[in-house]
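K.L.:
Need coordinates for the below:
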Amino acid sequence: MEIETFIDMLNPEQQQAAFDLLWQRLAAHPQTLTSPLWHGDVLAHRTANPSDHPNMSVAEARLAVKRIIDERRSSQ
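P.N.:
Residues are numbered from 1 along each chain as shown. Down below sits the predicted model:
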């Protein structure tokens, strides 16, 4: 079975759990991953053009994104 087909068979909660598990596994061995070249461009741009928004933790950012998505869904 293709991975895309398997993922499509999962409900949203299962997809989120799979994403979290994959992220944990990948993050456990960061030396085995290479970043795409465009990441360097994005980092250089962000360094040269810092945001006016305050820094936030990953957990805070995740909640902020979830809040934005929920607002968009409720306004449709």
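K.L.:
Which of the helices or strands spans the residue nearest in space to the middle of the chain?
P.N.:
The centre of the chain sits closest to residue 62, judged by Cα atoms, centre = their mean, with a distance of 8.3 Å. Per DSSP states H and E: residue 62 is located in helix 58-74.
K.L.:
Contacts for that helix, please.
P.N.:
With contacts defined as Cβ atoms under 8 Å, 6 or more residues apart in numbering, helix 58-74 is touched by residue 56. C-beta: built from backbone N, CA, C; applies to glycine.
K.L.:
Which stretches in this protein count as helices?
P.N.:
Here the chain has its helices, by DSSP state H, at 3-9, 12-27, 37-48, 58-74.
K.L.:
Mean pLDDT added to the ones you listed, as CSV?
P.N.:
Formatted as CSV, those follow (pLDDT from 0 to 100):
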stretch, mean pLDDT
helix 3-9, 95
helix 12-27, 94
helix 37-48, 93
helix 58-74, 92
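K.L.:
I'd like the distance between residue 53 and residue 60.
P.N.:
11 Å (Cβ to Cβ, to the nearest Å).
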